[in-house]
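Asker: Whatever this is, show me its structure:
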Amino acid sequence: MAHPHDPAVDGRGFTTLSVASILSESAKRHADRPALFYNDEAITYRELWEQTRAYAGALRARGIGRGDRVAMMIPNVPDFPRVYYAVLALGAIVVPIHLLLKSEEIAVALQDAGADLFVASATSLAEAAPAAAETGVPLLTVLLPADAPGGIPRLEAEAAAAEPITRLEPTAPLDAATILFTSGTTGTPKGAVGSHLSIIEQVHSVLIDGIGVSNEDVTFGGLPLFHTFGQTSVLNMAFRAGSAVILMPRFDGDEALALMVKHRATVFVGVPTMYVGLVEAARRSDERPPLRFANSGGAALPVALLDAFEQAYGVPPHEGYGLTETAPTVTVNSFGKPTVPGTVGETLWGVEVALANPDVEDRIELCEGDDELGEIIVRGHNVFKGYVGREEATREAIVDGWFRTGDLGTYADGILTVVDRKKDMILRSGYNVYPTEVEAVLARHPKVAASAVFGVADEVRGQEIHAAVLPSAGVEIDLTRSSSSRKNTSLRTSTRGSCTS
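Answerer: Here you go, the predicted structure:
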């Protein structure tokens, strides 16, 4: 039956939701608890929100408001959350920029995002300033000494002179909150647009079913905050719970261990390379923080590394899986349940995972058996709104209502196992070889700290397998011996069923 248009039914409604409320509400509920530990400074939630309101006042005085897009290029220092939440509090969209990008790449990101303002730290000005000049985007800086030459306006000075905001600008749940650029492994980086609903529901789902962080916890914040993993799984999650965050601008295993011991960290969230650094640091120090939970993501965590970390720190890493386009977490080995090594766990509440035929691009053809190998597809509250300015790329990513991840995996008994990227698979002598499986074998060798496996064209086999290996500390590799022994190596390939045409 057809119904006439009714705004009460068909309209966007009057519900409001803002990621900035994560900080503003904790400033009420946990006012005098520490929000940040940075160097020797402890900043309470009350202080951080007051500073953020002042920053928002300065941005508002520059005309920034609802729907405007503010790029930021700031390391893991207190100015990151100040700017991040100030932008969101105004109803504007925050566009974090990767700290290692060069000016040409920054300029592309500013143009693609349609940035109205750019806030860059003094440490990034060498690349950020030329990009702002090229694109004509107004530039503000933080952390620049007041007497520094150059004349770039300082946000700290403008905030001191501005009238702080008193309340959040209302935003609808599906309004854009962030534009986060993908890593670009499949081509030019694309700006994935995340909504307030996706980010907040992600935080609540993980807090209830995944981690269980409380205001008594102290979370290590060494993950880059410009990345979705650091923003959601560290900053937003910890702040929603009223937990303190230890900020570390540049990760170093020994320094990280010292900071975690000093501030009595109970939660560690990191990528595998950070786990390698902490395992190595544990061999040089007997001090340990009172960790109760560890979470890994961003890349596959070798089982050998998982075991080494648990042996060194007394807690097993709980591996999860996610992408920039999924806010980011899709699945996780949840706290309080036994981990399943080699897997990335169960789906979050409200998130659905399935496997599809990776060879069929224009529609979703579901695999018949869960134990088959297929492309991981996702739908749920965590899926992004689309790629900014790239409708064709969005249509390629969202097919029949599912987000195609480009990752291959198996999904049996409600447990997801990621095998590899669809584009990374090596076809050797007609057999599928998945680099992550070879890397997992290499990780078990006591002299190997990390490795990267990739395919190289070969006239006989189509592709041959090559590996770049990082030796463990103090280990030297005899390249002559390694070269002469290659002919004696053998390869075992996967024979699992594949969901293909």
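
Asker: any low-confidence regions in the stretch 401-501 of the chain?
Answerer: Low-confidence segments of the stretch 401-501 of the chain, defined by pLDDT under 70: 422-434, 436-437, 440, 457-463, 478-497, 500-501.

Asker: let me fix that: the stretch 151-300 of the chain
Answerer: Across the stretch 151-300 of the chain, residues meeting the criterion (pLDDT under 70) sit at 183-187.

Asker: got the residue ranges for the strands in it?
Answerer: Using DSSP state E, counting those that start in this stretch, the strands of the stretch 151-300 of the chain run over residues 176-181, 191-195, 218-221, 244-247, 267-270, 293-296.

Asker: Format these as CSV; extra columns: mean neighbour count.
Answerer: C-beta: built from backbone N, CA, C; applies to glycine. Compiled in CSV, the strands of the stretch 151-300 of the chain are given as follows (neighbours: other Cβ atoms under 10 Å):
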stretch, mean neighbour count
strand 176-181, 25
strand 191-195, 25
strand 218-221, 26
strand 244-247, 26
strand 267-270, 28
strand 293-296, 23
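
Asker: got CSV for those strands, with distance to I398 too?
Answerer: Written out in CSV, the entries for those read as follows (distance: least, Cβ to Cβ, whole Å):
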stretch, distance to I398
strand 176-181, 16
strand 191-195, 11
strand 218-221, 32
strand 244-247, 33
strand 267-270, 28
strand 293-296, 27
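
Asker: Can you check which of the ones you listed gets nearest to P302?
Answerer: Minimum separation from P302 across the strands of the stretch 151-300 of the chain (Cβ to Cβ) falls at strand 293-296, 10.3 Å.

Asker: and after the closest one, which helix or strand comes next?
Answerer: The first helix or strand that comes after strand 293-296 along the chain, using DSSP states H and E, is helix 303-313.

Asker: Return the alpha-carbon coordinates of the helix or strand following that next one using CSV.
Answerer: If you walk from helix 303-313 toward the C-terminus, the next helix or strand you reach (DSSP H and E) is strand 317-322. Taking C-alpha atoms only, strand 317-322 is exported to CSV below (Å, rounded to 0.1, in the frame of the first residue of the first chain):
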residue,chain,number,x,y,z
PRO,A,317,46.3,-10.5,23.2
HIS,A,318,42.7,-10.5,22.0
GLU,A,319,42.9,-10.1,18.3
GLY,A,320,40.3,-8.2,16.3
TYR,A,321,39.5,-7.2,12.7
GLY,A,322,38.3,-4.0,11.1
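
Asker: Pull up the pairing partners for strand 317-322, direction included.
Answerer: Here strand 317-322 has these sheet partners by DSSP bridges: strand 293-296 (parallel), strand 329-332 (antiparallel).

Asker: Quick one: distance of the first one to the chain centre.
Answerer: The reference is to strand 293-296. Relative to its chain's centre, strand 293-296 lies at 14 Å (Cα atoms, centre = their mean, to the nearest Å).

Asker: In a markdown table, list the strands paired with strand 317-322 along with distance to P78.
Answerer: Output for these, formatted as a markdown table (distance: least, Cβ to Cβ, whole Å):
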| stretch | distance to P78 |
| --- | --- |
| strand 293-296 | 23 |
| strand 329-332 | 25 |
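
Asker: Any idea which of those strands gets closest to A2?
Answerer: When the strands paired with strand 317-322 are compared by Cβ to Cβ, strand 329-332 sits nearest A2, at 37.4 Å.

Asker: which helices and strands does the helix or strand that T417 is a member of pack with?
Answerer: Under DSSP H and E, the secondary-structure element containing T417 is strand 415-421. Where contact means 3 or more Cβ pairs under 8 Å, 6 or more residues apart in numbering; DSSP states H and E, strand 415-421 is packed against strand 346-347, strand 402-412, helix 435-443.

Asker: Pick the most buried one from the ones you listed.
Answerer: strand 346-347 (a mean of 22; mean count of other Cβ atoms under 10 Å).

Asker: Return the list of strands paired to it, each annotated with direction.
Answerer: Paired neighbours of strand 346-347 in the sheet (DSSP bridges): strand 329-332 (antiparallel).

Asker: Convert the C-alpha atoms of the strand it pairs with to PDB, please.
Answerer: Provided in PDB are the C-alpha atoms of strand 329-332 (Å, rounded to 0.1, in the frame of the first residue of the first chain):
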ATOM      1  CA  THR A 329      36.000  -3.000  14.500                       C
ATOM      2  CA  VAL A 330      34.000  -5.800  12.800                       C
ATOM      3  CA  THR A 331      35.000  -8.800  15.000                       C
ATOM      4  CA  VAL A 332      37.100  -9.300  18.200                       C
END
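
Asker: How far does that strand sit from its chain's centre?
Answerer: Centroid displacement of strand 329-332 relative to its chain, using Cα atoms, centre = their mean, is 12 Å.

Asker: Could you do stretch 114-131 as well?
Answerer: The chain centre lies 21 Å from the centre of stretch 114-131; the measure is Cα atoms, centre = their mean.

Asker: avg pLDDT for that stretch?
Answerer: Averaged across stretch 114-131, pLDDT comes to 98.

Asker: Dump that stretch to PDB, keeping only the CA atoms.
Answerer: Extracted C-alpha coordinates of stretch 114-131, given in PDB (Å, rounded to 0.1, in the frame of the first residue of the first chain):
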ATOM      1  CA  GLY A 114      37.000  20.000   0.600                       C
ATOM      2  CA  ALA A 115      38.800  21.400   3.700                       C
ATOM      3  CA  ASP A 116      37.700  24.800   4.900                       C
ATOM      4  CA  LEU A 117      40.500  25.100   7.500                       C
ATOM      5  CA  PHE A 118      43.800  23.200   8.300                       C
ATOM      6  CA  VAL A 119      45.200  22.900  11.800                       C
ATOM      7  CA  ALA A 120      48.800  21.600  11.800                       C
ATOM      8  CA  SER A 121      51.300  21.100  14.600                       C
ATOM      9  CA  ALA A 122      54.600  22.900  14.400                       C
ATOM     10  CA  THR A 123      56.300  19.600  13.800                       C
ATOM     11  CA  SER A 124      54.400  19.100  10.600                       C
ATOM     12  CA  LEU A 125      54.600  22.600   9.100                       C
ATOM     13  CA  ALA A 126      57.400  21.900   6.700                       C
ATOM     14  CA  GLU A 127      55.000  19.700   4.700                       C
ATOM     15  CA  ALA A 128      51.700  21.200   5.800                       C
ATOM     16  CA  ALA A 129      52.400  24.800   5.000                       C
ATOM     17  CA  PRO A 130      53.200  24.300   1.300                       C
ATOM     18  CA  ALA A 131      50.100  22.100   1.000                       C
END
